[in-house]
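Peer 1: What follows is a predicted structure for the sequence shown.
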Amino acid sequence: MRKKVLPVLLALVVLFAGGAAIAFWRGIRGIQMMEIGEINPGQVADGVYPGSIQAGPIGVELTVTVAGGKITAIDIQRHDHGRGAAGEKITDRIIAEQSLQVDTISGATYSSKVILKAVEKALGSG
């Protein structure tokens with residue numbers, strides 16, 4: 001009986017691991033291909049806007065505050081990032097430039113792109 005169970009268990013492990021690897025690769029590929037649009041905070045009513053995205057292994061939930069036609073704050077509630085925590089610094093660049101067309105954070109490119117896309121979604125462009 002044990003001899004029959006082991007191959008089945010091995011097959012399940014390989015199938016699961018292979019499926020997880022494919023999903024991971026697709027997620028990373030999706031981030032690599034992700035296009036970030038432009039926003040115009042001056043056309044957004046004052047308020048707090050939620051934005052979220054899950055792209056493969058990287059996910060983010062945030063809020064964007066707009067006041068007087070400008071982005072005044074970006075607050076990240078959740079950021080699943082692996083080693084990309086530094087990507088959160090991109091919020092400072094977005095606020096300073098009032099734009100999503102900013103350089104990503106070196107060493108945290110994927111997290112930077114996912115945060116940019118979440119801001120885009122929050123403000124209705126994504």
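Peer 2: Received it, and whenever you're ready, just let me know what you need.
Peer 1: Just give me the residue closest to the centre of this structure.
Peer 2: V114 (2.5 Å; CA atoms, centre = their mean).
Peer 1: Could you say which helix or strand holds that one?
Peer 2: V114 is located in helix 109-122, with elements delineated by DSSP states H and E.
Peer 1: Might you report the residue contacts of the spatially closest residue to I39 that is not a sequence neighbour?
Peer 2: Excluding the flanking residues, the one nearest I39 by CB to CB, 6 or more residues apart in numbering is L123, at 4.9 Å. Every residue, glycine included, has its C-beta placed from N, CA and C. By CB atoms under 8 Å, 6 or more residues apart in numbering, the contact set of L123 is I39, P41, V44, Y49, G51, V64, V66.
Peer 1: at 10 Å what do you get?
Peer 2: By CB atoms under 10 Å, 6 or more residues apart in numbering, the contact list for L123 reads G37, I39, N40, P41, Q43, V44, Y49, G51, V64, V66, I71, L100.
Peer 1: Most neighbours among the residues you listed, which one is it?
Peer 2: Counting neighbours by other CB atoms under 10 Å, V64 leads those with 26 neighbours.
Peer 1: Which pLDDT does the model give the residue lying closest to that one once chain neighbours are set aside?
Peer 2: Once flanking residues are discounted, V64 sits nearest to A122: 4.4 Å by CB to CB, 6+ apart. Listed pLDDT for A122 reads 97.
Peer 1: ok so, going back, my read: the residue nearest to the centre of the chain touches H81, true?
Peer 2: Yes - using CB atoms under 10 Å, V114 is in contact with H81, at 8.3 Å.
Peer 1: Pull up the overlap in contacts between these two.
Peer 2: In contact with both V114 and H81: P57, I58, G59, V60, G87, A108, using CB under 10 Å, 6+ apart.
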